[in-house]
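[1] Sharing a sequence plus its predicted fold:
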Amino acid sequence: MRSPQGYATIVGPGENKEFDTFTCFHCQQIVTVKPLMDPADLGGLCKVCYRLICPRCVGQSCNPWERQMEIMEAKERAQRSYGL
């Protein structure tokens, strides 16, 4: 992967670990990227939204996190308007 989206540093007693990372666009899982790793081994590219996704989301329908949150917020607004 040429340009990962993030960087993680894990500091612990006796050793520090550093990783390049990306966040799955569908479920927000953080995936660590090993040097020169093929994106297909990391999960995949969603053909609908053209974003990187984790192995767990490969093969499922395109349901980005933002859309999931918008649906949940709309449900809550509707319930409040009904007095629930």
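    Done, it's in.
[2] Quick check: the gap between the residue most central in space within the chain and residue 61.
    Note on the chain: the residue nearest the mean C-alpha position is residue 24, at 1.7 Å, using C-alpha atoms, centre = their mean. Going from residue 24 to residue 61 by C-beta to C-beta, to the nearest Å gives 14 Å. No exception for glycine: its C-beta is placed from N, CA and C like everyone else's.
[3] Then residue 15?
    Taking C-beta to C-beta, one finds residue 15 at 41 Å from residue 61.
[4] Within its sheet, name the partner strands of the strand ranked longest in the chain and how each one runs.
    In terms of residue count, the longest strand belonging to the chain (DSSP state E) is strand 15-23. Using DSSP bridges, the strands paired with strand 15-23 are strand 6-12 (antiparallel), strand 30-33 (antiparallel).
[5] contacting residues around the first one?
    When contacts are defined by C-beta atoms under 8 Å, 6 or more residues apart in numbering, strand 6-12 is touched by residues 16-23, 30, 32.
[6] Tell me how far residue 8 lies from residue 67.
    26 Å.
[7] any idea of the mean pLDDT in the longest strand of the chain?
    Averaging the model's pLDDT scores along strand 15-23 yields 88.
[8] Kindly export that strand (C-alpha atoms) in PDB.
    C-alpha atoms of strand 15-23 as PDB (Å, rounded to 0.1, in the frame of the first residue of the first chain):
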ATOM      1  CA  GLU A  15       9.100  -2.200  23.500                       C
ATOM      2  CA  ASN A  16       7.400   0.200  21.200                       C
ATOM      3  CA  LYS A  17       5.500  -0.800  18.000                       C
ATOM      4  CA  GLU A  18       4.700   1.500  15.100                       C
ATOM      5  CA  PHE A  19       2.200   0.700  12.300                       C
ATOM      6  CA  ASP A  20       0.700   2.300   9.200                       C
ATOM      7  CA  THR A  21      -3.000   2.000   9.400                       C
ATOM      8  CA  PHE A  22      -6.300   2.700   7.500                       C
ATOM      9  CA  THR A  23      -9.800   2.800   8.700                       C
END
